[in-house]
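Chemist: Sharing a model prediction with you, sequence too.
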Amino acid sequence: MLRKTLTIGVLALAVTLAPELAAKNFFQKAKEKLDQVTEALDGTSYSGLSGFDFNITKAYRDGDGVTVEYTMINNSGSEKTIAINRSGINNAPSQAIGSDGTAYAIKPGKLGGKSSASTNSYPAGVLLKGSFLVQNVPTSVTKFKSLVLGGYQYNANNSKDRYNYFQYAYSNYPITELENTSGDNVRCNCPDLAVAYKGISRTDNTITLTITITSVNGDSDVGSYGATVYDNDGNTIERVGQTLGGQQWGAYSGKLPEGVPVKAVFTFNVNKAATKITLFKLSLNPSPYTIEIRNITLPAAQ
């Protein structure tokens, strides 16, 4: 009787645990499948695209991120259809891992003047220039521990192998810092502009700050969303007058001819106790470009 009771108890326990074991088994299999997919997409399963010469030419600060430029030449002897940085779990992924170990998001750019994420045909024997943006990379990150560009070649006449996935991988690729200002305390994160600090003057409590801005990559339309000033007495000043080339400067005004320094003048009032501007920050249009000047000693009040 005792043996029968035990047998019934064991059977009851097995029935009770069966759904839990089945669920555990299901989730374990799901995890294993996910791990397999992740392993297939971690950059070890793909090589470069056959018949193409590829080279990353530079990575440089651009706004809050880093622009990466590269070149491709189709040496296969015939026109090929490819896409790069197209999102999707079935594609060979692109990735950028900084020297801090953080994975940063990649925004697709252009290849040969076309959207790189779109499927486009490219002729043989033609040099193509491409670029993409690695977003929100802090200035403390000086290189990419891993920089991978992935995509696919589309084979319209091959129903079995319609997509040929590829990746180009680089390790410890350096980030070029911009050298486009007149001093270490002046920073401009727009690679198309050069900024020089020219000086500051004071009349009573009215401050006049002068810089020059030069377009270094063709003529530019550069607007200003305005400046914010912080002094060493803890004050924040947002009422700042601004002119560019002697004209009022707004968000949608500001012509800069290539290679010609244009004077920008800013006026604002400070507290009598202030002796230094800790930060002058000018927000440009297009965003997120900015000009920053730090630790400017104020002339004594007359």
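Modeler: Received it, and whenever you're ready, just let me know what you need.

Chemist: can you list the weak-confidence ranges in the stretch 1-150 of the chain?
Modeler: Applying pLDDT under 70 to the stretch 1-150 of the chain flags residues 1-45, 86-91.

Chemist: mind redoing it with 80?
Modeler: Counting by pLDDT under 80, the ranges of the stretch 1-150 of the chain that qualify are 1-46, 86-91.

Chemist: those helices in it, which residues are they?
Modeler: 2-40 (DSSP state H, counting those that start in this stretch).

Chemist: so what's residue 132 up against?
Modeler: If you count contacts by C-beta atoms under 8 Å, 6 or more residues apart in numbering, residue 132 has them with 67-68, 84-85, 94, 106-109, 116, 149. C-betas here are computed from N, CA, C, even on glycine.

Chemist: Please check the residues you listed and keep the buried ones.
Modeler: When the contacts of residue 132 are checked for burial by 16 or more other C-beta atoms under 10 Å, the buried set is 67-68, 84-85, 94, 106, 108-109, 116, 149.

Chemist: before we move on, the earlier item: now, among the contacts of residue 132, which is nearest to residue 253?
Modeler: Set against residue 253, the nearest of these by C-beta to C-beta is residue 67 (26.1 Å).

Chemist: returning to what we had before: just curious, which of the contacts of residue 132 is nearest to residue 292?
Modeler: Looking across those and measuring by C-beta to C-beta, the closest to residue 292 is residue 67, at 19.5 Å.

Chemist: what's the closest one in contact with, if anything?
Modeler: Contacts of residue 67 by C-beta under 8 Å, 6+ apart are 59-60, 109, 131-134, 191.

Chemist: from the residues you listed, which single one is nearest residue 102?
Modeler: residue 134 (10.8 Å).

Chemist: I'd like to know which of the buried ones among the contacts of residue 132 are part of strands.
Modeler: Secondary structure from DSSP state E places 67-68, 84, 106, 149 of the buried ones among the contacts of residue 132 in strands.

Chemist: List the buried residues for stretch 127-143?
Modeler: Per 16+ other C-beta under 10 Å, stretch 127-143 contains these buried residues: 128, 130-134, 137, 141.

Chemist: do the same with stretch 72-84
Modeler: For stretch 72-84, burial by neighbour count (16+ other C-beta under 10 Å) applies to 72-74, 80, 82-84.

Chemist: ditto for stretch 51-70
Modeler: 52, 54, 56, 59, 61-68, 70.
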